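Asker: How does the following fold in three dimensions:
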Amino acid sequence: MKTLSLLILFFLTNITCRESTTVYICDSPNAKKYHNTSKCKGLSNCTYKIIKVDIEKAKKDGRTLCGWEK
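Answerer: Model prediction:
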């Protein structure tokens, strides 16, 4: 029973600590960052459309995490 409880706790912790798969980017050709939330301070200067993308696509496009969220 103790082992089962530990396994359940491990899996629940893993699920909640996983990195979000959806991030937000400014659709500007010069934008270089991605953001975990659409309310990030780093997106406030975006004059283009803010869109949701998969984190893998953002990283593949050479974007890095916004400095406000580190």
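Asker: Which parts of the protein are helices?
Answerer: 2-17, 55-60 (DSSP state H).
Asker: partners of Ile25 in the sheet?
Answerer: Counting by DSSP bridges, Ile25 is bridged to Ile51.
Asker: circling back: if I average pLDDT within each of the helices of the chain, which one is lowest?
Answerer: Confidence, taken as mean pLDDT, is least for helix 2-17 of these (a mean of 58).
Asker: For stretch 24-44, measure first residue to last.
Answerer: Using Cα to Cα, to the nearest Å, the end-to-end distance of stretch 24-44 comes to 12 Å.
Asker: again with stretch 56-70
Answerer: Stretch 56-70 has an end-to-end distance of 18 Å (Cα to Cα).
Asker: again with stretch 42-51
Answerer: End-to-end distance of stretch 42-51 (Cα to Cα): 14 Å.
Asker: got the contact list for that stretch?
Answerer: With Cβ atoms under 8 Å, 6 or more residues apart in numbering as the test, stretch 42-51 has contacts from 24-28, 31, 33, 35, 38, 66-69. Every residue, glycine included, has its C-beta placed from N, CA and C.
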